[in-house]
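Undergrad: Need coordinates for the below:
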Amino acid sequence: MEHAVIFLPGIIAPAAVRYSALVEQLPGVRSLMHDLAVYDGDEPPADYSISAELDALDRAADEAGFDRFHAFGHSGGGAVLMAYAAQRGDRLVSLAVDEPASDFTAEGDAVYGWPEFDEALALPPDEAIPAFMRLQVAADVVLPPPPDGPSPAWLAKRPAGVAAFVAALRNHRVDEDEYRRFKAPVYFSRGSRTHPRWAAMQERLATTFPDFSADVAEGLHHLDPAHQAEPERVGATLAAFWERAESRQ
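TA: Sure, this is the predicted structure:
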């Protein structure tokens, strides 16, 4: 059976950049790389919200002819999919998330460290994104210098998009009972050298979703995730996960 899968990226790199190596390892997949709606225009809409992302995902699935589908999302895209599973999970055959930016629970929000994000995003644009990225990894991780050459055109939208997305994360909430009602399989992955918030999130979600499995990639972190560093391994893991999910239909 050919799997229908939608891939959502994080708030920095577009889906084509984030997932090209992974999709090459998935020849039997009808894949749709769906960028976040916060970047649909030149500036984020004044009324931008996580609900706007859910509506955009529904439209993308409809246009692709995906009635029901698997979904994989990293960081911001993973958070969108968490919200989607809570509110519109009947369309998901399975949910796979790599270090979702938020699980939208009251407990997660209380320990997130929002004041640090406020400080980072208040910096000038050329300093805000590096400071924001620093908050995604363990304290001992040394971030690489920016690549040589001109910045890609899409990077110009990132400071405003990141600020709008973080505000939307803080304004959206999911009751844990909504996750408990989601019966499809859930796969959660993270790196061992990422920020500790994701280890805590893994523990929290393991007791919330009825069918939950997790994977920790040793030596990797939020800015060097397994689906980019180890696409062959992650591709095989996801293919087996999707097969198991479809066998339950």
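
Undergrad: Every contact and neighbour count from this point should use C-alpha atoms.
TA: Noted.

Undergrad: wait, what's in contact with the residue lying farthest from the centre of the chain?
TA: Distance to the chain centre peaks in the chain at residue 149, reaching 27.7 Å (criterion: Cα atoms, centre = their mean). By Cα atoms under 8 Å, 6 or more residues apart in numbering, the contact list for residue 149 is empty.

Undergrad: Identify the residue nearest residue 82 in space, chain neighbours excluded?
TA: residue 103 (6.4 Å; Cα to Cα, 6 or more residues apart in numbering).

Undergrad: any idea how far that neighbour lies from residue 148?
TA: Per Cα to Cα, to the nearest Å, residue 103 is found 35 Å from residue 148.

Undergrad: Residue 146: neighbouring residues, count only.
TA: Neighbour count for residue 146, taken as other Cα atoms under 10 Å: 8.

Undergrad: sorry, back to before: looking at residue 103 and residue 148, which one has more neighbours?
TA: The residue with more neighbours, out of residue 103 and residue 148, is residue 103; 28 against 6, by other Cα under 10 Å.

Undergrad: so what's that one up against?
TA: 79, 82, 83, 174, 201.

Undergrad: would you say the residue nearest to residue 82 is within a helix?
TA: No - using DSSP: H, G, I helix; E, B strand; the rest coil, the assignment for residue 103 is coil, not a helix.

Undergrad: where does it land on pLDDT?
TA: As predicted, residue 103 sits at a pLDDT of 98.

Undergrad: Which pLDDT value goes with the residue farthest from the centre of the chain?
TA: On the pLDDT scale, residue 149 gets 83.

Undergrad: ditto for the one 5 residues further on
TA: Confidence per residue is given as pLDDT, and for residue 154 that number is 94.
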